[in-house]
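Peer 1: Quick check, what structure comes out for this input:
(chains A and B)
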Amino acid sequence: MGYKAAFYGAVGFLMVVVAVALKLDVWDSKPFWDEANKYGLFFTIFGTLFAVGTFLYVGMFGEKLKRRHRIPETHKDLQQLLIAVRQALKDWKGRENDIIDLLHQVQGHLENVSQKLDGVERSSAKQLVSSISREGVFYIGRRKLTEEVSWKIQRKLQKFVTQLGAKHQDNEVERL
Amino acid sequence: MNDSRFSNMVARLIEETARGRMSWHLSNPPRNITDGTEDLVNLYFEGRFKGTPFAIYEIRYKSFTDEDSFYWSSTVVLSILDEGDRVLWSQNNYKEINELYDDVRRKASGVDRLLDYFR
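Peer 2: The predicted model follows:
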């Protein structure tokens, strides 16, 4: 109903403008077109700036969306890997190589997701990557992966998965 | 919504149980969880971590679809007890609790020792 009224109103207004223009004979009036050119130029500049702004905003928003989309996926993958790591740790003897393989998978996910995180989660991801790579003092040599060390990594991974889940929930709340 | 601190705590109990630093023993459920209810307690285990007594058990309960028709459902519960073995606080519906319950049963059954025999 409102749209219809607005449409008929706009048509009526246009008819009045055309009638006035014909009556005043503005088509051959140079001052009129000079004035109209000024407004035209203003709206062209304004429209271009607005279009550029919209383009940049959409680009930024798309990047943000991509980040948010990757977090729940990685969270799910890490949750499954956490369970697999824990199952392997319960049977430590004879499964050291399985644990190393699983931890490398975890490391890959962490390195990937840490680029999409900031704040506490990013620093936790980096700490965890450092724990998994078991760098020695001043990054010289590598510490041996013992049962004790593996369980400590598992604990840190559990904490990180929890943080990532909370981050995902925060993003969902923000989206709503 | 799940409490992340609780998940972390149960994950720690899983670790302590797996490493043999926390032992669980089969026991009878206290009356305050069996009296006045039709729920059935399956296996009831008690253990202690950092001085706090814990219990883990499976409850089977009736899920009613109508006034007269029902089916049996089950859930695993982790509880904190007082020194008189009364249940003070309980929590369920966490996948870590199910994992812990499986581990506790496995430890209690001694199946690992038996399987080692066939290694």
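Peer 1: who touches stretch A:9-28?
Peer 2: A:Phe32 (C-beta atoms under 8 Å, 6 or more residues apart in numbering or on different chains). Just so you know, the C-beta spots here come from the backbone N, C-alpha and C atoms, and that holds for glycine as well.
Peer 1: can you pull the buried residues of it?
Peer 2: Residues of stretch A:9-28 include none that count as buried (16 or more other C-beta atoms under 10 Å in any protein chain shown).
Peer 1: How about stretch A:122-131?
Peer 2: Quick answer for stretch A:122-131 (16+ other C-beta under 10 Å): A:Ser124, A:Ala125, A:Leu128, A:Val129, A:Ser131.
Peer 1: try stretch B:12-29
Peer 2: Buried positions in stretch B:12-29, judged by neighbour count with 16+ other C-beta under 10 Å: B:Arg12, B:Leu13, B:Ile14, B:Glu15, B:Glu16, B:Thr17, B:Ala18, B:Met22, B:Trp24, B:Pro29.
Peer 1: rewinding a little: mind checking which of the buried residues of stretch A:122-131 are in helices?
Peer 2: Counting by DSSP state H, these place A:Ser124, A:Ala125, A:Leu128, A:Val129, A:Ser131 in helices.
Peer 1: How about the fourth one: what's its closest non-neighbour residue?
Peer 2: Think A:Val129. Nearest residue to A:Val129 in three dimensions, chain neighbours excluded: A:Leu110, at 5.0 Å (C-beta to C-beta, 6 or more residues apart in numbering or on different chains).
Peer 1: What strand or helix carries the spatially most central residue of chain A?
Peer 2: Taking C-alpha atoms, centre = their mean, the centroid of chain A lies closest to A:Lys64, which sits 2.2 Å from it. For A:Lys64, the host element (DSSP states H and E) is helix A:30-90.
Peer 1: What helices and strands are in contact with the next helix or strand after that helix?
Peer 2: Using DSSP H and E, the helix or strand that follows helix A:30-90 in sequence is helix A:96-114. In terms of contacts (3 or more C-beta pairs under 8 Å, 6 or more residues apart in numbering or on different chains; DSSP states H and E), helix A:96-114 is packed against helix A:30-90, helix A:119-133, helix A:147-175.
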